[in-house]
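Asks: Output the structure for:
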Amino acid sequence: MTEGNKLNQIVAGIIRRGDEILLVEQQGRDDPASAWALPGGRVEPGELLTEALAREIREETGLAMRGITRLAYLAQHNNANPWQNLDDVITVFVFEIAGWDGEIRVNDPDRFILQARFVPVSEALRLLETTLLWRTMREPPIAYLRGEVNAGTMWFYRRQENGEDALVARIAAD
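Replies: Here you go, the predicted model:
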């Protein structure tokens with residue numbers, strides 16, 4: 001690994017309640033506006049993916065997950081920034097959650113989560129399409145929730161010199 005090259009892992013969960021999906025409204029310190037997304041976040045050093053997922057869901061939604069049924073999809077993004085000589089690779093693992101306990105209660109120590117709520121899938125698709133600025137966070141969950149790709153599909157993106165994110169490959173799972 002070269003100096004400045006960072007590998008970052010992110011986890012997120014798809015939590016269902018009947019025909020609804022749990023989304024969180026989030027806004028980072030430098031974000032111009034809030035956006036809706038699946039609950040999840042960064043894997044901390046020493047954490048397994050499942051441990052990070054349980055922690056992030058608990059912090060962002062107050063719910064305790066009972067387990068994972070499958071890998072929904074994986075998305076990898078090379079966020080190369082040639083102007084700063086950075087080459088960050090972000091890998092996102094999104095899992096279907098088997099079940100959950102508790103009541104929705106945001107307890108985010110980073111204070112990025114504004115609210116969490118269950119919304120009908122049709123509304124979730126609209127919120128993901130209209131509020132997420134990043135192609136890498138928008139395309140995979142929308143395609144998965146619409147049933148356009150199988151569980152386990154992998155998406156690979158690379159930041160272009162013009163700042164746009166290009167889909168380099170999408171590998172379908174059987």
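
Asks: quick one: contacts for Tyr73?
Replies: Listed by C-beta atoms under 8 Å, 6 or more residues apart in numbering, the contact partners of Tyr73 are Val94, Pro140, Pro141, Tyr144, Val149, Ala151, Gly152, Thr153, Met154, Trp155. For every residue, glycine as well, the C-beta is placed using N, CA and C.

Asks: Going by distance to Glu20, which of those residues wins?
Replies: Comparing the contacts of Tyr73 against Glu20 with C-beta to C-beta places Pro141 closest, at 14.7 Å.

Asks: what's the pLDDT at Asn162?
Replies: What the model reports for Asn162 is a pLDDT of 85.

Asks: ok so, going back, give me the buried subset of the contacts of Tyr73.
Replies: Val94, Pro140, Pro141, Tyr144, Val149, Thr153, Met154, Trp155 (16 or more other C-beta atoms under 10 Å).

Asks: quick one: buried residues of the longest strand seen in the chain?
Replies: Secondary structure assigned by DSSP state E gives strand 64-81 as the longest strand of the chain. Across strand 64-81, burial judged by 16+ other C-beta under 10 Å covers Met65, Ile68, Leu71, Ala72, Tyr73, Leu74, Ala75, Gln76, His77, Asn79, Ala80.

Asks: If anything else comes up later, I'll come back, but that's it for now.
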